[in-house]
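Enquirer: what's the 3D shape of this:
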Amino acid sequence: MTARVGYRRIYEEATPQDGKRVLVDRLWPRGVSKEKADLDEWLRDVAPSTDLRRWYHHPQRYDEFRRRYIAELEDPDHEAPLRRLRDMAAHDKVTLLTATKDVDHSEAAVLAQWLDGS
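Expert: From the prediction side, this is the model:
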């Protein structure tokens, strides 16, 4: 399977190029209504654990964050939501959404790269 997975901030306008729009944050983003979010799904169970999310607050920690997050993704608890993402990506473009300001150093970026490589 060649996954077609992208990522961006949820605060940006939805576009037809997004394909399936999936929020991958554990918490609902501030100031975004469910209508404005225009989501196909909210898969909070693929988000980093609360402990990891609280630990990671600086791009200088990105490499370690990425390593820890990938280890979490390999945990059996993530199997069902990751299978759901893989199935979506097999049939359509998927855009992972996050409220994170630095989207290139976010869980959405790690998850997109991980899905494209799996």
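Enquirer: what's the burial count for residue 96?
Expert: Neighbouring residues of residue 96 were enumerated by other CB atoms under 10 Å; the total is 29. Where C-beta positions appear, they are placed from N, C-alpha and C, glycine not excepted.
Enquirer: which SSE is immediately downstream of the helix or strand harbouring it?
Expert: The secondary structure element spanning residue 96 is strand 94-98 (assigned by DSSP states H and E). Proceeding C-terminally, strand 94-98 gives way to helix 107-117 as the next helix or strand, assigned by DSSP H and E.
Enquirer: residues touching that following helix, excluding its own?
Expert: Residues lying outside helix 107-117 but in contact with it, judged by CB atoms under 8 Å, 6 or more residues apart in numbering, are 3, 5-8, 24-25, 46-48, 53, 65-66, 69-70, 73, 82, 85-86, 89, 96-98, 100, 103.
Enquirer: alpha carbons of it, as PDB, please.
Expert: As requested, C-alpha coordinates have been extracted for helix 107-117 and formatted as PDB (Å, rounded to 0.1, in the frame of the first residue of the first chain):
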ATOM      1  CA  GLU A 107       2.600  14.100  16.300                       C
ATOM      2  CA  ALA A 108       0.700  14.600  13.000                       C
ATOM      3  CA  ALA A 109       4.000  14.800  11.200                       C
ATOM      4  CA  VAL A 110       5.500  11.800  12.900                       C
ATOM      5  CA  LEU A 111       2.300   9.800  12.300                       C
ATOM      6  CA  ALA A 112       2.100  10.700   8.600                       C
ATOM      7  CA  GLN A 113       5.700   9.700   8.100                       C
ATOM      8  CA  TRP A 114       5.200   6.500  10.100                       C
ATOM      9  CA  LEU A 115       2.100   5.600   8.100                       C
ATOM     10  CA  ASP A 116       3.900   6.200   4.800                       C
ATOM     11  CA  GLY A 117       6.700   3.900   5.900                       C
END
